[in-house]
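Participant: Give me a 3D structure for the following:
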Amino acid sequence: MGTPDFAVPCLEALAEAKRFTDGWQHELVAVVTQPDKPRGRSGKPACSPVKEAALRYEIPVYQPKRVRTEDFLTTLRGLQPDVIVVVAFGQILPQTLLDIPRYGCLNVHGSLLPAYRGAAPIQWAVINGEKTSGVTVMQMDAGIDTGDILLTKEIALSPKETGGSLFEKLSHLGAEALLEAFRRLEAGTLQPMKQGEATTAYASMLEKEMGELDFTRPAAELERLIRGLNPWPSAYTWLGEKMLKIWDADVAEPELAGAKAESEAKKTEREGNLGTVSSVGTINYVGKEGFTVICGEGALLVREVQLSGKKRMAAGDFLRGYSLQKGQKLGRE
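Facilitator: Coordinates of the predicted model:
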């Protein structure tokens, strides 16, 4: 049971691993995914990435609007599954469904539970500056990401990790973890472990509005936000009346940005900060590598942008066709 790209490697791994090394043979009897939805300008219904993968392997596909209906539960019971694998499916499963398979429902979650329970654990790990992340194979219960931990795999985040790059890494790591969990499940060596209390805030669903950059915040926070929201919903600001997406930025060195000298000259400077009420959002350096924007603390060196209606490009290339001036301010008026 799954829907987006993140679930595809798990499906492919199960479809390809016809026989595990210990000789246990398994069969994928069905795939359950969300109904086709309109996509693109045409508005024509398009199937989910998981459905596309299932069709390639000629696996029967079911697309119930609601899995808790008695009609679908009856269908599922008729399949007599030993285990149901759930990866980013998109619907809350009722206890009546969880009780159907012999070994229950196993969920592959994109965090090291109990950290980052919720809909967007991967992006929030980047936004919050985590040094490590990983996947958890969990025995599902009626709660949201609260079931017993069966297996975890951990990886380190790179300094320039984005939500997209971590998404890709964890989707494949999840497939590895799932196959290992299946082997150990058959061997009877899985040891369920209670989660305990959540160690982080709930990883709530991403909204497009959260991508608007608030330059009163520290540059380090904004740099992580830009990476975490790449590729969706993406970080942005405003250049006049046009949206300017920012795809890549670094925390600027004070010497390059010139932010410290400028901010100290402001009478309204807040103690301990480089930016001020009047200076935040102001461009104070323009060069071939990009441009810097004063923040509540420090400054951002913007390296890759996309102006509304234009292609994504390096900031240096953008500056050759669009004149930005020192002292110009970004953001809404």
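Participant: show me the residues around the closest residue to residue 45 other than its chain neighbours that make contact.
Facilitator: Sequence neighbours aside, residue 36 is the residue nearest to residue 45 in space, at 4.0 Å (criterion: C-beta to C-beta, 6 or more residues apart in numbering). Glycine gets a C-beta too; all of them are placed from N, C-alpha and C. For residue 36, the contact set (C-beta atoms under 8 Å, 6 or more residues apart in numbering) comprises 45, 46, 47, 48, 51, 63.
Participant: Need the pLDDT of the first one.
Facilitator: Meaning residue 45. At residue 45, the model reports a pLDDT of 91.
Participant: Was I right to think it contacts residue 51?
Facilitator: No - here residue 45 does not reach residue 51: they are 11.1 Å apart, not a contact under C-beta atoms under 8 Å.
Participant: Comparing those two, which residue is more hemmed in?
Facilitator: Using other C-beta atoms under 10 Å, the more surrounded residue of residue 45 and residue 51 is residue 51, with 23 against 10.
Participant: correct me, but the more buried one touches residue 59?
Facilitator: No - under the criterion of C-beta under 8 Å, residue 51 lies out of contact with residue 59, with a separation of 9.7 Å.
Participant: rewinding a little: what two of the contacts of residue 36 are the furthest from one another?
Facilitator: Taking C-beta to C-beta as the measure, the contacts of residue 36 span a maximum distance of 12.4 Å, between 46 and 63.
Participant: And the helices in this protein?
Facilitator: 8-16, 49-56, 70-79, 95-98, 121-127, 163-187, 219-228, 254-257, 259-264, 315-321 (DSSP state H).
Participant: elements contacting the longest one?
Facilitator: Spelled out, it's helix 163-187. helix 8-16, strand 105-109, helix 121-127, strand 132-139, strand 149-156 (3 or more C-beta pairs under 8 Å, 6 or more residues apart in numbering; DSSP states H and E).
Participant: Figure out how far that helix is from the centre of its chain.
Facilitator: 16 Å (C-alpha atoms, centre = their mean, to the nearest Å).
Participant: Next, find the distance separating the residue nearest to residue 328 when sequence neighbours are not counted from residue 330.
Facilitator: Excluding the flanking residues, the one nearest residue 328 by C-beta to C-beta, 6+ apart is residue 283, at 4.8 Å. Going from residue 283 to residue 330 by C-beta to C-beta, to the nearest Å gives 7 Å.
Participant: what do you get for residue 89?
Facilitator: From residue 89 to residue 330 the distance is 40 Å (C-beta to C-beta).
Participant: Same question for residue 184.
Facilitator: Taken as C-beta to C-beta, the span from residue 184 to residue 330 is 52 Å.
Participant: again, but for residue 33
Facilitator: In terms of C-beta to C-beta, residue 33 sits 41 Å off from residue 330.
Participant: Between these two, tell me which one has more neighbours.
Facilitator: Ranked by neighbour count (other C-beta under 10 Å), residue 33 and residue 330 place residue 33 first, with 25 against 22.
Participant: Of all the residues in stretch 232-243, which ones are buried?
Facilitator: 233, 234, 235, 236, 237, 238, 239, 243 (16 or more other C-beta atoms under 10 Å).
Participant: same check, this time on stretch 96-106
Facilitator: 97, 98, 100, 101, 104, 105, 106.
Participant: Also stretch 209-228?
Facilitator: For stretch 209-228, by 16+ other C-beta under 10 Å, it's 211, 213, 215-216, 218-219, 221-228.
Participant: May I ask which two of these are separated the most?
Facilitator: So, these by C-beta to C-beta: farthest apart are 216 and 227, at 19.6 Å.
Participant: Show me the common contact partners of residue 283 and residue 330, please.
Facilitator: residue 293.
Participant: follow-up on the earlier one: what separates the residue nearest to residue 328 from residue 227, distance-wise?
Facilitator: 21 Å.
Participant: what's the answer for residue 307, then?
Facilitator: 20 Å.
Participant: Equivalent analysis for residue 102, please.
Facilitator: Residue 102 is 42 Å from residue 227, by C-beta to C-beta.
Participant: Then residue 26?
Facilitator: 38 Å.
Participant: How about residue 285?
Facilitator: From residue 285 over to residue 227 (counting by C-beta to C-beta), the distance is 21 Å.
Participant: same deal with residue 180?
Facilitator: 29 Å.
Participant: residue ranges with poor pLDDT in the stretch 201-333 of the chain?
Facilitator: Judged by pLDDT under 70, the stretch 201-333 of the chain has its weakly predicted residues at 255-278.
Participant: Run through the strands of it in chain order.
Facilitator: Assigned by DSSP state E, counting those that start in this stretch, the stretch 201-333 of the chain shows strands spanning 235-239, 242-251, 283-287, 290-294, 299-307, 313-314.
Participant: List the neighbouring strands of the last one plus their orientation.
Facilitator: It refers to strand 313-314. When pairing is defined by DSSP bridges, strand 313-314 lines up against strand 299-307 (antiparallel).
Participant: buried residues in the strand it pairs with?
Facilitator: 299, 300, 301, 302, 303, 304, 305, 306, 307.
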